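Asks: Only the shape, not the letters, is given here:
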């Protein structure tokens, strides 16, 4: 049935694959396309393009064509590299395979997915041979090119068989859902993958002159920071390693040894979260925390700058159980040491704006559960202060600035309770006794009793049905007989629907032609012309708010919204005082080791003047051909 509906809706249903050179992950390179192969499923027509023919598609990229790909990001990158735009409608068999099997099987590559259906494919070794051949040279003999084209065709033929088998599988799984609902959700997921590819393609503008100076001076910066920290607390050795015996003596000397958590082998934990927790109460630990982040930053691997001067790395949308991105923490600028985010800088004629949803996770918990107290906490503007006020721990008029310690305590406790964290772990994070932690835990459970009743229902239904689901159909399966942490289920509806919200926003921002450069958990980065700054700022803010409305509201009788915060970035990000202190220290050391002045003119950006592949401003495509509401029939 699904196939017949698709044939009726689209003139062309095209399976396609591309072969390309380029290493985005390690070198920040964009795709250099070698060939495309297409097969139109209605007619069976096969088209191979290479050389000068690469710059034109054999089928129109409009409402008439449904593109089929496995991992739509790769094909989208190739289309963007050739200035062909993002695919308007795309079905990603990899994401649909995840909806069918994520959690029940390992691996969702095309070969593994096809093999599960008994589809004959080439071997992994043969695939590696062809990949190595494509990457090893720029010019191919006539015979080599023919072999590459045939290899690409074999993938397209496998993709066709996989797609047809997948349609049958989806019909069986979702027998009660209408075809329009299924198609709407599938195309939304495909478009999310394509929009993510657009974000990766755009890359993050950086101050590359300054980045190079920091890299050149990294040993000197690290040495001075270590000398400075050792002059006060002496915890590093000459090889820039945190010495366990010295660290033990420090923790013993400052009286934290009885409370410091241990590893399974009985050693003191040295992870960032543990050190950060105790840094809030002890100056020596805080000094160590400030220094350790840069010392452990691995020579700035967070910035992989491509030949075009933009930093980029694969984001792996839908990579985690919750559907969020799964980028490399070592290769992504927003995962590096926070002070170094100052290297992110707008081009001279543009402004970067970092938008993020304000209290997104608590807003989702509040409006999905309809807990009146939790909704009131969200709508107060500061749910953590409001939670403390509910329990008369803070007075009316208290703020984050006036009572930071109590607010932080309630923030940690509220989030721990929402995500099902146990009393013991919560108490340890807050440095509370078990008795005090138990009391605080009980207070929060009582204050937001309707939420906890709702989430317990979600947990029970998930265990009965055998899967967890987001509003727009993304699923994670609970393997029969498998062990799953209950906290994963507590976390899932909040995290997954938060990621759906961000995907909606990213798609629309790319649709209207605004340059989006990064996706960061519950936020995103855009790069707008100074002359159009006000207009595009308002547009992005509205797009993000509208995306929150689609996720938070099930009917027209409610008008819930998740508010948006923002930060303008011209020459560097605005950091917390402690992070800015580290950044200023880094600049002092650079200036000490170079003849450069203390200004932000260490080098110019390599600017990208346009963003090939952004769509022209049009009405949203989903209103044309298919159901536009992104049906949430899977929501538990």
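Replies: Looks like it came in fine. All values derive from a computational prediction rather than experimental measurement.
Asks: Report pLDDT for residue 569.
Replies: On the pLDDT scale, residue 569 is placed at 89.
Asks: Regarding the protein, what is its longest helix?
Replies: Counting residues, the longest helix in the chain under DSSP state H turns out to be helix 142-173.
Asks: Show me what that helix is packed against.
Replies: For helix 142-173, the packing partners by 3 or more C-beta pairs under 8 Å, 6 or more residues apart in numbering; DSSP states H and E come out as helix 2-9, strand 12-21, strand 32-40, strand 46-50, strand 65-69, helix 93-101, helix 110-116, helix 124-136. For every residue, glycine as well, the C-beta is placed using N, CA and C.
Asks: Please parse this protein into its domains.
Replies: Listed domain ranges for the chain are 2-173, 215-295, 361-481 (source: automatic domain parsing).
Asks: So which of those is nearest residue 552?
Replies: Among the domains of the chain, the nearest to residue 552 by C-beta to C-beta is domain 361-481 (4.6 Å).
Asks: now the closest one: mean pLDDT?
Replies: 92.
Asks: How about stretch 496-510?
Replies: In this model, stretch 496-510 carries a mean pLDDT of 97.
Asks: cool, and stretch 322-334?
Replies: Summarised as a single mean, pLDDT over stretch 322-334 is 89.
Asks: Stretch 94-109 too?
Replies: In this model, stretch 94-109 has an average pLDDT of 95.
Asks: Counting neighbours, which bits of it end up buried?
Replies: Neighbour counts over stretch 94-109 (16 or more other C-beta atoms under 10 Å) mark 94, 95, 96, 97, 98, 99, 100, 101, 102, 103, 108 as buried.
Asks: Report the beta-bridge partners for the nearest residue to residue 518 once chain neighbours are set aside.
Replies: Sequence neighbours aside, residue 525 is the residue nearest to residue 518 in space, at 3.9 Å (criterion: C-beta to C-beta, 6 or more residues apart in numbering). Beta-bridge pairing for residue 525 (DSSP bridges): residue 354, residue 518.
Asks: chain center to the strand or helix carrying residue 501, what's the gap?
Replies: Using DSSP states H and E, residue 501 sits within helix 486-511. Per C-alpha atoms, centre = their mean, to the nearest Å, the displacement of helix 486-511 from the mean C-alpha position of its chain is 10 Å.
Asks: one step back: report the angle between the axes of the longest helix of the chain and helix 124-136?
Replies: Comparing the axes of helix 142-173 and helix 124-136 via axes from the mean of the first three to the mean of the last three C-alpha atoms, to 10 degrees yields an angle of 130 degrees.
Asks: what helices or strands is the helix or strand just after helix 142-173 leaning on?
Replies: Stepping forward along the backbone from helix 142-173, the first helix or strand reached (DSSP H and E) is helix 179-202. For helix 179-202, the packing partners by 3+ C-beta pairs under 8 Å, 6+ apart come out as helix 2-9, helix 72-81, strand 90-92, helix 93-101, helix 486-511, strand 515-520, helix 622-625.
Asks: Looking at those, which is nearest to residue 368?
Replies: Ranking the helices and strands packed on helix 179-202 by proximity to residue 368 (C-beta to C-beta) places helix 486-511 first, at 6.5 Å.
Asks: any chance you could map the strands in the stretch 451-600 of the chain?
Replies: In the stretch 451-600 of the chain, the strands defined using DSSP state E, counting those that start in this stretch lie at 467-469, 475-477, 515-520, 523-529, 564-569.
Asks: which helices and strands sit right next to the first one?
Replies: Just to be clear, that refers to strand 467-469. Here strand 467-469 touches strand 475-477, helix 486-511, going by 3+ C-beta pairs under 8 Å, 6+ apart.
Asks: Name every strand pairing with it and say which way it goes.
Replies: Here strand 467-469 is paired, per DSSP bridges, with strand 475-477 (antiparallel).
Asks: who touches the partner strand?
Replies: 98-104, 321-322, 466-469, 492, 634 (C-beta atoms under 8 Å, 6 or more residues apart in numbering).
Asks: so how far is it off the chain centroid?
Replies: On the basis of C-alpha atoms, centre = their mean, strand 475-477 sits 18 Å off its chain's mean C-alpha point.
Asks: can you pull the buried residues of stretch 141-156?
Replies: Using 16+ other C-beta under 10 Å as the test for burial, stretch 141-156 gives 145, 148, 149, 151, 152, 153, 154, 155, 156.
Asks: From residue 60, how far out is the last one?
Replies: Separation of residue 156 from residue 60 (C-beta to C-beta, to the nearest Å): 19 Å.
Asks: and of the buried residues of stretch 94-109, the nearest to residue 280?
Replies: Distances from residue 280 to these, taken by C-beta to C-beta, are shortest for residue 103, at 36.2 Å.
Asks: hang on, isn't that closest one packed against residue 480?
Replies: No: when contacts are counted by C-beta atoms under 8 Å, residue 103 is not listed as touching residue 480 (10.6 Å).
Asks: From residue 196, how far out is the residue nearest in space to the middle of the chain?
Replies: Note on the chain: the residue nearest the mean C-alpha position is residue 325, at 3.1 Å, using C-alpha atoms, centre = their mean. In this structure, residue 325 and residue 196 are separated by 7 Å, where distance is defined by C-beta to C-beta.
Asks: what number of residues lie near residue 176?
Replies: By the criterion of other C-beta atoms under 10 Å, residue 176 has 7 neighbours.
Asks: Thanks again, I'm all set now.
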